[in-house]
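Peer 1: 3D model of this:
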Amino acid sequence: MTYYNDISLKDPNILINHKNRFAMSNEAIEDGIRLGLILKGN
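Peer 2: Next up, the predicted model:
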């Protein structure tokens, strides 16, 4: 789980799913990676 109770606990290197109380499914993560690669042009 990536939810944090204090902003000082947030890892600045993690930009996806922060403050979410529920885990992302593998399918949602894979879809996001595919979309990112398409948008990036790879």
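Peer 1: drop to CA atoms for contacts and neighbour counts, all remaining ones
Peer 2: Noted.
Peer 1: give the contact list for residue 34.
Peer 2: Under the criterion of C-alpha atoms under 8 Å, 6 or more residues apart in numbering, residue 34 has no contact partners.
Peer 1: quick one: mean pLDDT over the helix or strand containing it.
Peer 2: Assignment of secondary structure by DSSP states H and E places residue 34 within helix 26-40. Confidence over helix 26-40, taken as the mean pLDDT, stands at 90.
Peer 1: could you dump it to PDB, C-alpha only?
Peer 2: As requested, the backbone C-alpha atoms of helix 26-40 are provided in PDB (Å, rounded to 0.1, in the frame of the first residue of the first chain):
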ATOM      1  CA  ASN A  26      -1.300  -5.700 -12.500                       C
ATOM      2  CA  GLU A  27      -3.400  -5.000 -15.500                       C
ATOM      3  CA  ALA A  28      -3.800  -1.400 -14.600                       C
ATOM      4  CA  ILE A  29      -0.100  -1.000 -14.100                       C
ATOM      5  CA  GLU A  30       0.700  -2.800 -17.400                       C
ATOM      6  CA  ASP A  31      -1.900  -0.600 -19.200                       C
ATOM      7  CA  GLY A  32      -0.200   2.500 -17.800                       C
ATOM      8  CA  ILE A  33       3.200   1.300 -18.900                       C
ATOM      9  CA  ARG A  34       1.900   0.600 -22.400                       C
ATOM     10  CA  LEU A  35       0.200   4.000 -22.600                       C
ATOM     11  CA  GLY A  36       3.300   5.800 -21.300                       C
ATOM     12  CA  LEU A  37       5.500   4.100 -24.000                       C
ATOM     13  CA  ILE A  38       3.000   5.000 -26.700                       C
ATOM     14  CA  LEU A  39       2.900   8.700 -25.500                       C
ATOM     15  CA  LYS A  40       6.700   8.700 -25.300                       C
END
